[in-house]
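1. give me the fold of what follows.
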Amino acid sequence: MKKHETNTETQNTEIKNRQIQFNRLLEASHEARQIKTCMIEKAPTQAMAAYYATLPINYFILNFVYKTAEITDFKKFNEWKQEGAIIIKGSKAFPIWGQPVGAQKEERAEEKGEHYEATAEENRRFPICYVFSNLQITTKEERGAAC
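-> Here you go, the predicted structure:
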């Protein structure tokens, strides 16, 4: 097989995997919106309803759709790495919504001491962000105990 054909197959696989993750996130978002609406409607007080209304959809995805009795924590790859944890090979990340593209561009410009005004379109575009659960990692302590 030629190198070009291998690259094309790899690209097609990556596109397919991204589409699968995007569809998984859309389903989780739909379920999370239903949960959020239900919690707002059944809130015991107006203050609680207002509080639930302010929570981002990722909160409901992580805490009610993905979370289980065993899954208690989610972090990005680099956050686990900073804690000395290693992601277990073959683990599939949980997709969530990232910060809007416009906000990311404004943040980068601000870090450089520049000003950037995001467009309405940029503020409507949310990229996918990936997190891993506590069940998908090994810690320093666990690795040390295995020796």
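2. can you list the domain ranges for the protein.
-> 1-66, 68-147 (automatic domain parsing).
3. list the buried residues of stretch 51-66.
-> For stretch 51-66, a neighbour-count test (16 or more other CB atoms under 10 Å) marks Tyr52, Ile57, Asn58, Phe60, Ile61, Leu62, Phe64, Val65, Tyr66 as buried. The way it works is simple: take the backbone N, C-alpha and C, and place the C-beta from them, glycine included.
4. got the CA coordinates for the helix or strand containing the fourth one in PDB?
-> Spelled out, it's Phe60. Secondary-structure assignment from DSSP states H and E places Phe60 in helix 57-60. Taking Å, rounded to 0.1, in the frame of the first residue of the first chain, the C-alpha atoms of helix 57-60 are listed here in PDB:
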ATOM      1  CA  ILE A  57     -25.100  22.300  29.600                       C
ATOM      2  CA  ASN A  58     -21.700  20.700  30.300                       C
ATOM      3  CA  TYR A  59     -22.600  20.600  34.000                       C
ATOM      4  CA  PHE A  60     -25.600  18.400  33.300                       C
END
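5. what's that helix packed up against?
-> Packing contacts for helix 57-60, counted by 3 or more CB pairs under 8 Å, 6 or more residues apart in numbering; DSSP states H and E, involve helix 3-41, strand 94-97.
6. tell me which of the ones you listed sits most buried.
-> Greatest average neighbour count among these goes to strand 94-97 (a mean of 21), per mean count of other CB atoms under 10 Å.
7. what would the domains of the chain look like in a markdown table with mean pLDDT?
-> Shown next, in a markdown table, are the domains of the chain (pLDDT from 0 to 100):
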| stretch | mean pLDDT |
| --- | --- |
| domain 1-66 | 91 |
| domain 68-147 | 91 |
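8. beta partners for the residue nearest the centre of the chain?
-> Centroid-nearest residue in the chain: Ile96, 2.7 Å away (criterion: CA atoms, centre = their mean). In this structure, Ile96 bridges to Cys129 when assessed by DSSP bridges.
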